[in-house]
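Enquirer: Below are the sequence and a predicted model; questions follow.
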Amino acid sequence: MAQKRSKRYQAAVKLIDSNRAYTLVEAVKVLKQIAATKADQTVDLAFKLGVDPKQSDQMVRGTVSLPKGTGKNVRVLVFAKGAAADAAKAAGAEFVGFEDLIKQVTDGFQDFDVCVATPDAMSEVRKLGKVLGPRGLMPNPKIGTVTDDTAKAVKECKAGRVEFKMDKSANLHVILGKFSFATDDILANGKAVIDAVVRSRPNTAKGRFIHNCALSSTFSPSIRLDVSAFLKS
């Protein structure tokens, strides 16, 4: 059974030209017109990528630092000892520890959004794979969450660094921020995200990399984007 949409949603659909692809500037302006609600909705970009998700060398994954932040308080947990632990605390990490913290997470503690670990802590942290893996929280050196510079990692996460990872159907979703952000702030974050996704193209990918890209908020229909300008650079 098809999902029944609200009158607001149906009215918003009529304001979007489904036969065209909008520039990012145009799309953000349209979103601001159609998606206003009392709730401060999350804004994101959705991509359909032209890669084979079954091929390990075509996995698309990375991070992007949103210049205007996410609009959310990011709770950071750090597995570290000694000076690295002290640095993480000074940088603003909410939870810092090692053996005690590993036990808490093993026992079900989940009140955090990002997980960072020092390289020497990973031998034990890897044992949390079944707990952290499904939530996409396992520290990874490729995205900067396995590092001795815990202060830098914490500050970047707090400032608006978000991770993105393609799913099994070659789809990718990346948060841009909140609807309450100024238009220019959404644009700045949007440009940063598209640039980051374009740069993450695997060397083995052939043909068209981004098949589709769309902007939307929590309760809005999607607005198809023309990303050709980003692909030329």
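Expert: Cool, got the structure.

Enquirer: ranges for the helices of the protein?
Expert: For the chain, the helices defined by DSSP state H occupy 7-14, 24-34, 82-91, 99-106, 122-125, 129-132, 150-159, 183-199, 228-232.

Enquirer: Deepest-packed of these, please.
Expert: Among the helices of the chain, helix 150-159 has the highest mean neighbour count (mean count of other CB atoms under 10 Å), at a mean of 21. The C-beta positions use only the backbone N, C-alpha and C, and glycine is treated the same way.

Enquirer: which helices and strands sit right next to it?
Expert: Helices and strands touching helix 150-159, by 3 or more CB pairs under 8 Å, 6 or more residues apart in numbering; DSSP states H and E, are strand 76-79, helix 82-91, strand 114-117.

Enquirer: List of residues touching it?
Expert: Contacting residues not belonging to helix 150-159 are listed as 65, 69, 74, 76, 78, 80, 84-85, 87-88, 90-93, 113-114, 116, 118, 144-145, 147 [CB atoms under 8 Å, 6 or more residues apart in numbering].

Enquirer: If any of the residues you listed are buried, give me the ChimeraX selection for them.
Expert: Listed next is the ChimeraX selection for buried residues among those, using 16 or more other CB atoms under 10 Å:
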select :69,74,76,78,80,84,85,87,88,91,93,113,114,116,118,144,145,147
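
Enquirer: For P53, find the nearest of the helices of the chain.
Expert: Closest approach to P53 among the helices of the chain (CB to CB): helix 183-199, 14.9 Å.

Enquirer: Averaged pLDDT, the closest one. What do you get?
Expert: In this model, helix 183-199 carries a mean pLDDT of 95.

Enquirer: ok, now stretch 89-107?
Expert: Stretch 89-107 comes out with an average pLDDT of 96.

Enquirer: Tell me how far that stretch lies from the chain's centre.
Expert: 23 Å (CA atoms, centre = their mean, to the nearest Å).

Enquirer: what do you get for stretch 95-109?
Expert: 24 Å.

Enquirer: neighbouring contacts of it?
Expert: Taking CB under 8 Å, 6+ apart as the rule, stretch 95-109 contacts 75-81, 85, 88-89, 112, 121, 124-125, 127-128, 131-132.

Enquirer: re the thing from before, so can I have CSV of the helices of the chain showing distance to S216?
Expert: Below are the helices of the chain laid out as CSV (distance: least, CB to CB, whole Å):
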stretch, distance to S216
helix 7-14, 10
helix 24-34, 7
helix 82-91, 33
helix 99-106, 33
helix 122-125, 35
helix 129-132, 28
helix 150-159, 24
helix 183-199, 12
helix 228-232, 18
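
Enquirer: Quick one: neighbours of N140, just the number.
Expert: A total of 17 residues lie near N140 under the criterion other CB atoms under 10 Å.

Enquirer: Identify the residue spatially nearest to it, adjacent ones excluded.
Expert: Excluding its sequence neighbours, the residue lying closest to N140 (CB to CB, 6 or more residues apart in numbering) is V146, at 6.1 Å.

Enquirer: returning to that earlier point: ok, which of the helices and strands packed on helix 150-159 comes nearest R20?
Expert: Proximity to R20, assessed across the helices and strands packed on helix 150-159 by CB to CB, is greatest for strand 114-117 (37.6 Å).

Enquirer: hmm, who's touching stretch 166-178?
Expert: If you take CB under 8 Å, 6+ apart as the criterion, stretch 166-178 is touched by 40-53, 59-61, 64, 66, 68-72, 162, 164-165, 185-186, 189-190, 193, 197, 215.
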